[in-house]
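Visitor: Here is a sequence with its predicted model. Questions after.
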Amino acid sequence: MKAIVTGATGFTGSALCRRLVNEGWSVTAFVRPSPRVEPLKALGVDCVEVDITDYESVRGAMRPVDYVFHIAALFRTETPDRDLFRRVNAEAVGHMARAAQEVGVGRFVHCSTVGVQGHIEEPPADEAYRPKPNDHYQGTKWEGEQIARRHIAAGLPGVVVRPAGIYGPGDLRFLKLFKTIDRGMFVMIGDGKTLYHLTYIDDLVDGFLLAATKPEALGEVFTIAGPRYTSIQEMVETIAAVLGRKPPRLRIPLRPVQIAATLCEAACRPLGINPPLYPRRVEFFAMDRAFTTEKARRLLGYEPSYDIEAGFAKTADWYRAQGLIGSNVRRLRAAGAPKP
């Protein structure tokens, strides 16, 4: 099988590339210049420099492969440049889908996000639950998903995958949470009852491959998530348990932090700087995100393997091995290693 992967230098895209290569696929990655390209090359991935925000660049590199996995997105940087979010998360989807359709790609798998549905008032939500993006990331991802679905409706053989919160070895998004719990510095914002749904990276890659290869997936939208949703309180207690720490007990009210985040973002944006505190960071403690994967189970045979206990344990082991948490941090500090 031959595949093109965007976002291959990121956590999700690199995990997908590793799986594809390990299973004997020929993989081409559309990349930007970056040191993170080297590990992909070492795997045997053909790395081609492509600006996905430019149609001509995409069209010049697109080939009639079996599958295109469009994973690339702008997410972690709370940049004041909202237009950049739109170019990457929305317009680039159109460039990729149009080029894939023109050259005759076998199947186009677009990675969206459950975030397009925003706060879930009536959990768990399925794929038909109303969209309600509430920030520039979720809004532009929703625009991108709609663009992909329009191309699919116009004849592009494709499918949309909406992952829930992604984690696992190699991810740094949840590192701060692990570090503060490990150091006994975590403070719960709110009552901890907010619902959250996680997806272990191996389960997500399984979902991508099923969406790519199953005939039943064509034209559909699928939520891919872990076996169950949980509360923020249970997440924190589980992380504490796998780290061998006491469960954190300190709490502060949610509303004052939300107000502070809004004010901080408003003050920083005119100055063109990234705010240290902003609403999307606080929404982790405020927005219920709980979903059902029944459709993926029924049509694709998707069966997630990792509950949070096993997934957090593997993630913690990787953080320790990298010297990001635990005694290795102090050892590496003494050796002069940079602060992670």
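Guide: On my side now, so go ahead. Numbers count the residues shown, from 1 in each chain.
Visitor: Now do the strands in the stretch 1-150 of the chain.
Guide: Along the stretch 1-150 of the chain, the segments classed as strands by DSSP state E, counting those that start in this stretch run 2-6, 26-31, 46-49, 67-70, 107-111.
Visitor: Which elements pack onto the first one?
Guide: Pointing back at strand 2-6 there. Judged by 3 or more Cβ pairs under 8 Å, 6 or more residues apart in numbering; DSSP states H and E, the packing partners of strand 2-6 are helix 11-22, strand 26-31, strand 67-70. Any C-beta I mention is one placed from the backbone N, CA and C, and that applies to glycine too.
Visitor: out of everything not next to it in sequence, what's closest to A225?
Guide: Spatially, and ignoring its direct neighbours in sequence, A225 is nearest to A164 (3.7 Å; Cβ to Cβ, 6 or more residues apart in numbering).
Visitor: I should have written V205 there, sorry.
Guide: Of all residues not flanking V205 in the chain, R19 sits nearest, at 4.9 Å (Cβ to Cβ, 6+ apart).
Visitor: picking that back up, possible to save the strands of the stretch 1-150 of the chain as CSV with mean pLDDT, distance to V88 and mean neighbour count?
Guide: Shown next, in CSV, are these (pLDDT from 0 to 100; distance: least, Cβ to Cβ, whole Å; neighbours: other Cβ atoms under 10 Å):
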stretch, mean pLDDT, distance to V88, mean neighbour count
strand 2-6, 98, 10, 24
strand 26-31, 98, 12, 23
strand 46-49, 98, 16, 15
strand 67-70, 98, 11, 27
strand 107-111, 98, 13, 26
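Visitor: could you give the angle of the helix or strand where V205 lies to strand 2-6?
Guide: Assigned by DSSP states H and E, V205 belongs to helix 201-213. Following axes from the mean of the first three to the mean of the last three Cα atoms, to 10 degrees, one obtains 130 degrees for the angle between helix 201-213 and strand 2-6.
Visitor: Do I have it right that the residue nearest to V205 meets L209?
Guide: Yes - using Cβ atoms under 8 Å, R19 makes contact with L209 at a distance of 7.3 Å.
Visitor: which of the two has more neighbours?
Guide: Between R19 and L209, counted using other Cβ atoms under 10 Å, the more crowded position is L209 (20 against 17).
Visitor: Contacts only, for that one.
Guide: R19 (Cβ atoms under 8 Å, 6 or more residues apart in numbering).
Visitor: do V48 as well
Guide: Contact analysis of V48 by Cβ under 8 Å, 6+ apart lists T28, A29, F30, V31, A61.
Visitor: hmm, try it at 7 Å
Guide: With contacts defined as Cβ atoms under 7 Å, 6 or more residues apart in numbering, the neighbours of V48 are T28, F30, V31, A61.
Visitor: In this structure the first one contacts I4, no?
Guide: Yes - taking Cβ atoms under 7 Å as the contact criterion, T28 and I4 are neighbours in contact, 5.0 Å apart.
Visitor: least trustworthy helix or strand in the protein by mean pLDDT?
Guide: Lowest on mean pLDDT, DSSP states H and E among the helices and strands of the chain sits helix 327-334, with a mean of 47.
Visitor: in which helix or strand would I find the spatially closest residue to E220 that is not a sequence neighbour?
Guide: With Cβ to Cβ, 6+ apart as the criterion, E220 has its nearest non-adjacent residue at 5.7 Å, and that residue is V159. Per DSSP H and E, V159 falls inside strand 158-163.
Visitor: can you count the residues close to R281?
Guide: Look at R281: counted by other Cβ under 10 Å, it has 17 neighbours.
Visitor: pLDDT at it, what is it?
Guide: Note for R281: predicted pLDDT of 81.
Visitor: rewinding a little: what helices and strands are in contact with the strand holding V159?
Guide: Helices and strands touching strand 158-163, as assessed by 3 or more Cβ pairs under 7 Å, 6 or more residues apart in numbering; DSSP states H and E, comprise strand 107-111, helix 136-153, helix 201-213, strand 221-224.
Visitor: Show me the one of these that comes nearest E309.
Guide: Closest approach to E309 among the helices and strands packed on strand 158-163 is made by helix 201-213 (14.1 Å; Cβ to Cβ).
Visitor: tell me which residues of the closest one are tucked away?
Guide: I201, D202, D203, L204, V205, D206, G207, F208, L209, L210, A211, A212 (16 or more other Cβ atoms under 10 Å).
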